[in-house]
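Asker: Sequence first, predicted model second:
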Amino acid sequence: MNKISFIGLGNMGSPMASNLLKHKYDLKVFDINKNNYKPFKKTNAIIVEKKQELSGDKRIFISMLPDGESLKKLVLGKNGLLNNLKKNSIFIDCSSVDYNTTIIISEKMKKKGVHFLDSPVSGGISGAKNATLTIMVGGNKKAFDKSKILLNTLGKNVIYVGKSGTGQIVKACNNMMLGINMLGVCEAFLLAKKYKIDLKKFYDITSKSSGSSWAMNTHLPIEGIVKNSAANNNFKPGYAAKLILKDLQIAQDMAKHVNIKTLLGLNALKLYKKFCNLDKNNLDYSAIIKILS
């Protein structure tokens, strides 16, 4: 199936959809924010004004939305897509969504004969632009196999995890590690700064030592050291604080469900909640350094 409907043209969705166009896919695009259509107006993409126009034949649907509520509204809400999906279509959700929502939607689509793949991604905006995302997939294995070539145009590491919901489980655990990691990076650089260590030298050492991490090497919260860090642009978000707060809450809900304590994850949640409550929720998640200093 080379007919694709893409829903959600934000910071991540827009470059992902653009990569599909580069690979000559027949693409329809939809977003509730009409300003997000601008990059597609002079392309071969078909821009649709109503979500009902996305369906009509057997195709692959890809969504990249901010949260589970947005996905439920899209699929199950008024004039939801579920009413119009054709049997044997494949719906690939690349959003970071809570486990319960994923299972509910997966079951409802299964009853309609539609294959649902929870396929959250990791790698940030640069990964979306460069098609180097890691994509972790849960759902029907045959549907995954049919979608693998397509997913390889969006990511460098496409991994089938298992049954429905497992992709989202892995993503929540991954983002819990990311949140904890960023806090560690912030505290280490603040401590080094207090002792008047040159932070560029500190980065040059730690980025090649046992303390190195993706969070530090990609999203260092110190201006002027890492090229694409949000710190160089007043913490304009690549991955907004409100989004990691959502993902940390998902991880805590999962931990509670299986009666396990993730103390560092819980502390990270509390700190990001405090940060967002200071009206910082639309800054990059690395801006958490502002309340740690």
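Answerer: Done, it's in.

Asker: so where is the stretch 51-200 of the chain shaky, pLDDT-wise?
Answerer: Applying pLDDT under 70 to the stretch 51-200 of the chain flags residues 56-58.

Asker: Break down it into its strands, ranges please.
Answerer: 60-63, 90-93, 115-118, 121-122, 133-139, 155-162 (DSSP state E, counting those that start in this stretch).

Asker: Ok, which of these comes nearest residue 231?
Answerer: The closest of those to residue 231 is strand 121-122. By C-beta to C-beta, the value is 20.5 Å. The C-beta positions use only the backbone N, C-alpha and C, and glycine is treated the same way.

Asker: Just checking: what are the partner strands of the closest one?
Answerer: Applying DSSP bridges to the sheet, strand 121-122 is found paired with strand 133-139 (antiparallel).

Asker: Specify the angle between the strand it pairs with and strand 155-162 in degrees.
Answerer: Interaxial angle, strand 133-139 versus strand 155-162 (axes from the mean of the first three to the mean of the last three C-alpha atoms, to 10 degrees): 20 degrees.

Asker: residues in contact with strand 133-139?
Answerer: Contacts of strand 133-139 from elsewhere in the structure, counted by C-beta atoms under 8 Å, 6 or more residues apart in numbering, are 16, 94, 102, 106, 115-123, 127, 144, 151, 154-171, 174.

Asker: hmm, back to that, got the strands of the stretch 51-200 of the chain as TSV, with distance to residue 290 and mean neighbour count columns?
Answerer: Written out in TSV, the entries for those read as follows (distance: least, C-beta to C-beta, whole Å; neighbours: other C-beta atoms under 10 Å):
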stretch	distance to residue 290	mean neighbour count
strand 60-63	32	24
strand 90-93	33	27
strand 115-118	33	27
strand 121-122	24	22
strand 133-139	28	25
strand 155-162	32	17
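
Asker: closest to residue 45 out of those?
Answerer: Closest among the strands of the stretch 51-200 of the chain, once you apply C-beta to C-beta, is strand 60-63, at 12.8 Å.

Asker: domain ranges for this structure?
Answerer: Domains of the chain are assigned by automatic domain parsing as 3-162, 169-291.

Asker: The first one spans what distance, first to last residue?
Answerer: In domain 3-162, first residue to last residue: 25 Å (C-alpha to C-alpha, to the nearest Å).

Asker: one step back: got the strands of the stretch 51-200 of the chain as TSV, with distance to residue 268 columns?
Answerer: Output for the strands of the stretch 51-200 of the chain, formatted as TSV (distance: least, C-beta to C-beta, whole Å):
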stretch	distance to residue 268
strand 60-63	27
strand 90-93	25
strand 115-118	23
strand 121-122	17
strand 133-139	21
strand 155-162	23
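
Asker: nearest to residue 265, of these?
Answerer: Among the strands of the stretch 51-200 of the chain, strand 121-122 sits nearest to residue 265 (C-beta to C-beta), with 16.7 Å.

Asker: And for that closest one, what's in contact with it?
Answerer: Strand 121-122 has contacts (C-beta under 8 Å, 6+ apart) with 12, 94, 127-128, 133-136, 154-155, 171, 174-175.
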